[in-house]
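# sequence-free structure coming up:
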């Protein structure tokens with residue numbers, strides 16, 4: 001059989017069972033979509049560099065409240081950050097952020113929403129250039 005005959009034969013078989021054909025097409029589409037999402041996530045997180053230079057010089061400052069580094073309670077307060085900024089002799093720029101969990105009640109079904117709030121000066125953003 002030639003290639004054209006094989007294609008016609010396959011098309012006839014697919015037309016005989018349209019439900020099975022539809023399911024096969026949907027499964028293939030979801031598989032391709034899932035693979036694309038995974039590739040995009042891996043590329044963005046692991047392959048592409050950060051959008052700023054000298055990533056090895058980035059640091060994160062945390063406070064120690066004597067609770068063994070509990071990640072939910074080790075933020076740096078605004079007053080502490082003001083002290084660090086005032087006495088800074090090492091950092092090119094400073095900035096803070098805080099991840100929060102909030103409730104959105106704009107609709108009849110409230111839901112929890114994760115958000116990141118940048119709270120300290122715009123000096124943080126030139127680092128991204």
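Happy to help now that I have it. Everything numeric here is computed off the predicted structure, so don't read it as measured data.
# tell me which residues of the longest helix seen in the chain are tucked away?
The longest helix of the chain (DSSP state H) is helix 18-42. By 16 or more other Cβ atoms under 10 Å, helix 18-42 has no buried positions at all. Just so you know, the C-beta spots here come from the backbone N, C-alpha and C atoms, and that holds for glycine as well.
# Can you list the neighbours in contact with that helix?
Where contact means Cβ atoms under 8 Å, 6 or more residues apart in numbering, the residues beyond helix 18-42 that reach it are 14-15.
# any idea which helix or strand comes after that helix?
Downstream of helix 18-42, the next assigned helix or strand under DSSP states H and E is helix 78-87.
# In that next one, which of the residues would be classed as buried?
Residues of helix 78-87 classed as buried: 81, 84-85 (neighbour count, 16+ other Cβ under 10 Å).
# C-terminal to that helix, what's the next element?
strand 97-104.
# tell me the mean pLDDT for that next one?
The average pLDDT for strand 97-104 rounds to 73.
# how far out from the middle of the chain is the next helix or strand after it?
Next helix or strand after strand 97-104 toward the C-terminus (DSSP H and E): strand 111-118. Strand 111-118 sits 13 Å away from the centroid of its parent chain (Cα atoms, centre = their mean, to the nearest Å).
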